[in-house]
Every structure is written in C-alpha cells, then in structure tokens.
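Trainee: Sequence plus predicted model, see below.
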Amino acid sequence: MDLTLWTYEGPPHVGALRIAASMEGVHYVLHAPQGDTYADLLFTMIERRDRRPPVTYTTFQARDLGGDTAELVKRSIAEAVQRFQPEALLVGESCTAELIQDQPGALAAGMDLGGIPVVNLELPAYSKKENWGAAETFYQLVRGLLRAEVPPPGSPRPDPARWRQEGRRPRLNLLGPGLLGFRCRDDVREISQLLGSYGIDVGVVAPLGARPADLLRIPTADANVCLYPEVAGPLCSWLERQFGMTTVRTVPIGIGATLDFLREVHRLLDLELPADLQTGADGRCAAERRSQLPWYSRSVDSTYLTGKRVFVFGDATHAIAAARIASRELGFQVVGLGSYSREQAREVRAAAAALGLEALISDDYLTVEAAIAAASPELVLGTQMERHSAKRLGIPCAVISTPLHVQDVPARYAPQMGFEGANVIFDSWVHPLMMGLEEHLIGMFRHDFEFVDGHRSHLGDGTATPTNLASNTASDTDPSAGSCRWSADGEAELAKIPFFVRGKVRRNTETYARERGLALIDSEALYEAKAHFSR
Amino acid sequence: MLRESGQREVFCGLTSIVWLHRRMPDAFFLVVGSRTCAHLIQSAAGVMIFAEPRFGTAILGERDLAGLADANEELDRLVAQLLERRPEIRTLFLVGSCPSEVIKLDLAKAAERLNRQHSGRVTVLNYSGSGIETTFTQGEDGALQALIPLMPASEQAQLLIVGTLADAVEDRLISLFHRLGIERVACLPPRRSTELPAVGPGTRLLLAQPFLSGTARALIDRGAELIRAPYPFGVEGSRAWMAAAAAAFGLAPAGVAEVLDPLVERGQRALAPHRQTLAGRRLFLMPDSQLEIPLARFLSRECGMDLVEVGTPYLDRQLMAEELALLPAGTQLSEGQHVENQLQRLRQARPDLVVCGLGLANPLEADGIATKWSIELVFSPIHGIDQAADLAELFARPLRRHASLHFS
C-alpha cells in the first residue's frame, strides 16, 4: 500500500485507452465499474478531441456482482461490435474487474464476432502503470494481427538495404506516437519531413492515426524508428526478434541527437552519408544550420545562459534528451536529473552518471519537489507536476514531458523533435529565464524616478504600481529574513553588489555569520564571507 | 419516465472529495483504492494547485490483495505516517472504493481500530465513494452520514441547512433566515469538521442539495423533522425553499413576503436579460450531478426553456416530490443511463443546449451543439435568490458564445 496524492501515471488500462483512441477502426471493451468513464475526459478535455475515445465500459454495479457480470460483458461486447463495427477489438478490464475474474478476453474468444481480430489485454492494475499498459497494448495488438505473418525460425534476416534491389526509396516506420504523448502529432510531421528531405519514406506511423490494416504493413519497411521508447520499446524488440527488423534507437530531440539519428538511419539503410551530415574540421556540420538553436546558443545574447542551474525531470525519453540539450547545447549546468519511468531507470541512471549526478527515480512528486528545492536550480524542466512545484518555489519552469495540461497541447506547430523541435525548445526554455531576468531588472531600476511613488506609467492606471514592485523585491532588502542583524554599513555594502548575485551574497554571508556566531554583519564580515566562499 | 441501464458516463462518489475537502479544511480524505481512484480524482479536479492536498489515495498493491491482514497493517502504518506529516488534521475520512469493497476490506472496523490508536488526536470515520454503489454527488451523502453519529443531541429549536454551500452563499442565506425571524441556524457539513451542529427533536431539516437521501433519513432518525420544499435554485425555488422553512417555524407569510419580495423583484430583474437568451431554446440534460431535475424546473419555469429530456442518475421520488410537481406536464424524464442510446436520442432531437459531463462536452460541441459542463454546477455559488441570475448566466453563456463566433 502506497500513499499517493498526485500521480504521474494513470493505471495501465488508461495506457490501453491511449492506444485505442490514437488509432482508427479499433474499439476497446473495458470491464469496469461506474466512474471509470472519467478517462474519456483526458482525451476530450486535455487533447480537446472532437470525439469520444472508442471505448465501451460495462459499468457494473454492486447489485450486478451477485448476478452474472459475465453476461454483462458479453452483452457489452456484442453491442459494441454491432454499433461500431471495429476492424479490431481490444478486450480488457480495469482494476476492480480484475478482482472479480470474469476473464472478458476469454468470453470474447468464445463469441461469434464475425471474424474480427480480438486482442485479450491482461494488464495487471495493481503492479503496473499507464505507460507500461500502452506499450503492452501496442505490442499485443501488433503481435495479434501479425501472428500469421511471422517468418519461420531460422529465416534469414531481411536486408535493411533491400530497398535498393527492389528499386524504391528506403522506408521507415515511426512507432510510438499517440494521444496524450508530448507533442507527438507535430513530431511525426517534423520527422517525416526530415526523413523525406534525405530521400527516405515513412511507411507506417502507429499508433497515431493508424488502422489495423496499416499495422499489417509494418514488416514491409526496411527498419523501425522507436520514436517513443515508453510506448514502442517492447514492440520494436519483438519485431527485431520475430521479423529481423532493425530498430533506430536514437530519439531525435535536440541538435546532437537529431544528427546522431540521421547518421544512424543512413548507416542502417546502407545510405551514403550526405555531405551536410559530415563533421568538418571545425567540429560542425552543415545540417546544424537547419535549426536556429546552435547559432542562437552561440550568439552573445546567450552568454547569460552559461552555467544556469537546471533541474530535469520527466518521462525517461524526454528527461534524457533534455539533459543532453541543456548541458551540451545551451551551456546550462544540470544539477538534477530524474524520471518517473521505472521501466527505463537504467538509461536515466547512465545519463545522470555521465553528468556526475545520481538519478532520481521516483513517482512521488513530493520527493521530486524536495530534490528541486535542495538543488536550488534557476530553471526547472519537468512535467505539469514540476510546473506547480516550481511555481511554489518561485523558480521558472518549462514543461518537457507528460503528464500534461491542456496548455501543453498548443494550437501552433510546436514539435520537440528534429531541427524545428530544437527551435521550439530554445524558445520555450529560454523565455522563462528571460522573464526571470526582467524581474531582476525591475528590481535593479526600482530607485529610478519612473518607479517613484505616484509616478504614472505610460500604460496608464491599472498596471504595476510602485508598491507591489517594491514588495516583489522585498526579500532582497529585508534584513529580518535571516537570524543575523545587518549593520548600516553592511547593508550599504550589500546594496552595491550587482542585483543578480545580491541574494546569493546575502545568504552566504548570513550562513557564514551564523557559523562564526557573529550577531552583527558589517561590511568587514561581508568581505570575510566573500573570501571564504570564493575559495 | 424512461429507465435505462448500460454504460454510464458519470463520475463515482469519490469525486465529491473535490469540494468536501475545501469545505472542511481540517479534514483529510484518504481513499483506500487503486491507482485508478487516484487518477480519477486528479483528473476530475482538473488542476493540481495544492502543495499537499487534503486528500490522497492509499493505493492497494498485490501484497494487500493477497492477505487482508497485511492490508490492515499497511493501512495502519500509512495512516500513522500521514498523521505524523499532517498534524493539523482533526478528522480523517477513510473512503471506500470499488476495489476495497470487492475485496471486502472492512473500513468501519479499520476506523474503529485507528480511533483507538490515535484517540484524542483525530477522529477517524469511514464511508463509501465506490462507483459500484455511488454516483458522483452521492459521495457527499456518504460523508455526511459518517458525521451524523458524532453530532451532539439537543432538543433546542433550530434550522439545520444540509449540503455543502459556498461560504459566501451560506453567510447570505443565514442572514436572510435571521431577518425572517429564525434565530438558530446551523449547517452540515460545518466549516470545521470538529464543530458539528447538534441535532434532535427541535431540529428542522432543510436540504440545500437534492442528493442527500441517506443523510436526510439518518437525521430524521435522530429526531429532526424534514422540511419539504423545492431546492434553492432560481428565484422561485429559493423563495419557496426559504418560505417553507419560515412556515415550519410558524412565521407569518406576511412577514416572509416583506423580507423576500424585494429580493424576488430584484432577482427577476437580474434574470431578465438571460431569459431573453434562453427562452424558447431546447434543453437536454444528461444524468450527472443529480441537480438535473431542479435545474430543469428553473430553466423551464423561470427562463422559458423547452425541456427535451431530463436525465437523472437515480430518482428519489420523495426528495424530488416538490420539484416533480413543478415540472411541465409530460416532461420526458430518464433514470439511469445507456449512453449510446441516449446520445442517439439527443442527436435526433438536436437540442440547443446540453448539460453534460466533461467526457461528452467537446464531442457534442464538435457536432455544433452547445454544452454546459455539469461539474461547474457543484463548484459555483448558485444557490439562493441573489444567485439566480448567475445560475442562468452559466447556461446563457455557451449560447451567447455560439452566436458570437464567426469564421467566414
């Protein structure tokens, strides 16, 4: 038994729902009590979907439990098949139904459903979670549909370069994008365009927008791109084992990862590496210029980003990618890296170790909040949960991963992957920091006449007043904040220190004074402390 | 009257925690359930604005399912941990869920045991919010029933308003009752879980919400007398609700009219512009919050809307008697739900406005049908004469919005 207040992931059947809702022609019959239909609003509200997810809930009640809930399951299946005429049917149960053991999958198998493929989903609700459920459902669905197509053991592996003999362009599947993932719709468009620009076609995109018949075409591609390992990892491994299909494992988020991805794709497909992907003597390659991020990051304006302390938390894929971009492409210092994805904990730990950190693997948001507070970062890159934590801690935050909020599903094209994704990332990570800087500037200039009491802003009334501007910066000048007293000359000296380090100097000096047992901090104590901490 | 069974697009009783925990800030609601329960409350609440909310879920794991003895030990450990972390908690509600009911985890016994362990510090209560037994607002009925045994006995004459109200609305209603001449007015639930009102033969019970059947019965068992009235939605309903209370206290109608008539006149004036938007428009209410019948009465009688179908999760004919009498003759009622069949009827009828849950709203809007989310009705201050115009505005807004958007 674990105490949970807010959760990063829902139960595994919600993962299954995400697969069903992402596809066309699939219907999911879920043996579940009243109330479990709440999951519909995840799609209709967060994703603003214009239709209900394709799911039929049996809605059993206490009074049904004495009777025949199995009959209710069969009735629901028959009705759903008749009403929706799906091309494939998923049958499963939610946590409560798992306890009453009606085995809806077996019941469906015993029914005459006109020959439509039926996939029995057994998703252990008391030990697994949403992403696991999505991955398992995706895998079971494809496995169920492709069962008859599996080549006999010992068959030769298909050559990933067979496109050449077949006289066509090379072809890749994009596996993993779906609803309630982070920017999946735009990532698919970006990566499809990117591959197209190198003469590579996209075969099947799944689950997003795919029909069951499309899944049957998966083996006709030359390799699979495991775009979101949380959802497509197990399926890609199975396709490797059973069909000998190679998997592109690099997730193209960030400039470096996008270049690595393109190079991996070219190598796997036995394509000659184009000139723009070859690294020149200066360590740069021409393709970098397809994004603004490298130049924006090198431009002098970005100097102030140097060494900014960043805390990263999210699903494994986005957290690992964010840590790489932050540390290598934006010049930040990553002071914390973690994930709630236990299934990918090993990868997160390796990425953290490479940065000299110990990864935080936790699904307790309070633990994550405490870790953020302890690391005192200047920027948090996290999920909706960290956005709230960061707000409480007064730290700027950008959302990089699920779980998401309706505002993380923007109307505009805003991928995370590829070169345009890098542009979006630069803007959405740097802007919260700039806002923070602006607040400091207001503090810095607050003694100027524009901020003097009674002065009218050119915007007229109703804008920020001098009083609340002053209160925003009160913590910067309020000597009662620490347990030590500041002398007048100490305060005067402190006021001369540039605003952007003043808070830190104040804290350090007070810490130093406490350690030394100084009751009064004068200018000498301040310089003593400065020397002490600069060592 | 249509009775249907099938898929229900309705929350379970756990959802009530979302407003109950705000009403009683010294109480904590601990759901004993699954990850689904935790995810439901979080999704229904929509936002996660509280550092540490005053509710949580003790998520059952495989080990708890294997042995109930272990589950009880685990629950004790978890509660001890929680109370240590949150010393401000005075009342702890253990809330039963579908899985805890199915494995027959006895939360009443657990509450007794925990009361002994933490006696003097915190009161531990239990009720069920499970979807197999309760729908949406019924959760509040369960929570209030759990409080009733703790209410002190008193024979003193008093008016007891039952059902969560917004604080400001409650203050306003109490001051109006004082003006009418009712001196002692108490509320259940109270604002502090430890300050429970008394109950006894002198208590006259006035329901502010129509979904408190069990609570009403339990209070009647404690000697209270139920005041029969329509519910306080709209000018007419609120006036009748207050007048019924005044009559129960033997106050003269003339005095009541003196206090209420100016409010009624003002309320009707405020309502008039919204009536213009709503009159003649066709309304379909999906079963959800159990407020459907009183709202249908208000929207048809005071706002001039035509009722296509009025759904309700369940119908308590006794508690709805005054409301049903006010509905236009021949109103199509439906109890329970088969959501696919109901949506089919809805699409055939093409109403102008649908009151429904969040899962259905956008798909209906995509079909060009204006909707009003019912969950907003349990969060907004909508009770009383002074709120009648605000209540009407909630329904007029989607129609005004539809009329104001143009893209070509």
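Mentor: Okay, I see it. Everything numeric here is computed off the predicted structure, so don't read it as measured data.
Trainee: Just list what the worst-scoring helix or strand of chain B on mean pLDDT packs against, helices and strands only.
Mentor: Here the helix or strand of chain B ranked lowest by mean pLDDT, DSSP states H and E is helix B:62-66, holding a mean of 86. Identification of packing neighbours for helix B:62-66 by 3 or more Cβ pairs under 8 Å, 6 or more residues apart in numbering or on different chains; DSSP states H and E yields helix B:68-85. Where C-beta positions appear, they are placed from N, C-alpha and C, glycine not excepted.
Trainee: Outline the domain layout of the chain.
Mentor: Looking at chain A here, since you left the chain open. A:12-148, A:162-281, A:293-440, A:473-534 (automatic domain parsing).
Trainee: That was the other one, I meant chain B.
Mentor: According to automatic domain parsing, the ranges for chain B are B:7-150, B:158-255, B:266-404.
Trainee: Tell me if A:Tyr126 really is in a helix.
Mentor: No. Using DSSP: H, G, I helix; E, B strand; the rest coil, the assignment for A:Tyr126 is coil, not a helix.
Trainee: wait, which of the domains of chain A is closest to B:Val355?
Mentor: Taking Cβ to Cβ, domain A:12-148 is the member of those nearest to B:Val355, at 15.4 Å.
Trainee: Now do the SS call for the closest residue to A:Met417 other than its chain neighbours.
Mentor: Spatial nearest neighbour of A:Met417, chain neighbours left out: A:Asp187 (4.2 Å); criterion: Cβ to Cβ, 6 or more residues apart in numbering or on different chains. Three-state assignment for A:Asp187 (three-state DSSP): helix.
Trainee: so who does A:Asp187 touch?
Mentor: A:Pro177, A:Leu227, A:Pro415, A:Gln416, A:Met417, A:Gly418, A:Gly421 (Cβ atoms under 8 Å, 6 or more residues apart in numbering or on different chains).
Trainee: rerun that using 7 Å as the cut-off
Mentor: By Cβ atoms under 7 Å, 6 or more residues apart in numbering or on different chains, A:Asp187 lies in contact with A:Pro177, A:Leu227, A:Pro415, A:Gln416, A:Met417, A:Gly421.
Trainee: Per-residue pLDDT of A:His405, please?
Mentor: If you check A:His405, the pLDDT there is 89.
Trainee: And B:Ser380, by the same measure?
Mentor: 87.
Trainee: mind putting the contacts of A:Asp187 in JSON lines, distance to B:Val169 and neighbour count included?
Mentor: Formatted as JSON lines, the contacts of A:Asp187 follow (distance: Cβ to Cβ, whole Å; neighbours: other Cβ atoms under 10 Å in any protein chain shown):
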{"residue": "A:Pro177", "distance to B:Val169": "47", "neighbour count": "26"}
{"residue": "A:Leu227", "distance to B:Val169": "51", "neighbour count": "27"}
{"residue": "A:Pro415", "distance to B:Val169": "47", "neighbour count": "26"}
{"residue": "A:Gln416", "distance to B:Val169": "45", "neighbour count": "27"}
{"residue": "A:Met417", "distance to B:Val169": "50", "neighbour count": "28"}
{"residue": "A:Gly421", "distance to B:Val169": "49", "neighbour count": "28"}
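Trainee: Give me the neighbour count for residue 136.
Mentor: I'll assume chain A. A:Glu136 has 22 neighbours, counted by other Cβ atoms under 10 Å in any protein chain shown.
Trainee: oops, I was thinking of chain B
Mentor: Count around B:Phe136 with other Cβ under 10 Å applied: 30.
Trainee: ok, for it, nearest residue in space, not its chain neighbours?
Mentor: In space, B:Phe136 is closest to B:Phe11, 4.4 Å off (Cβ to Cβ, 6+ apart).
Trainee: And that neighbour, how far from B:Ile375?
Mentor: To B:Ile375, B:Phe11 is 8 Å away according to Cβ to Cβ, to the nearest Å.
Trainee: what do you get for A:Ala531?
Mentor: Separation of A:Ala531 from B:Ile375 (Cβ to Cβ) stands at 60 Å.
Trainee: One more: A:Met245?
Mentor: Counting by Cβ to Cβ, the gap from A:Met245 to B:Ile375 is 46 Å.
Trainee: Going by distance to chain B, which of the contacts of A:Asp187 wins?
Mentor: Closest approach to chain B among the contacts of A:Asp187 (Cβ to the nearest Cβ): A:Pro177, at 21.3 Å.
Trainee: Make sure the closest one is indeed in a strand.
Mentor: No. Remark: A:Pro177 does not belong to a strand; assigned using three-state DSSP, it is coil.
Trainee: Up against chain A, what does the stretch 301-408 of chain B have?
Mentor: Residues of the stretch 301-408 of chain B found near chain A (Cβ under 7 Å from any Cβ of the partner chain) are B:Glu340, B:Leu358, B:Gly359, B:Ala361, B:Asn362, B:Pro363, B:Ala366.
Trainee: Thanks a lot, see you next time.
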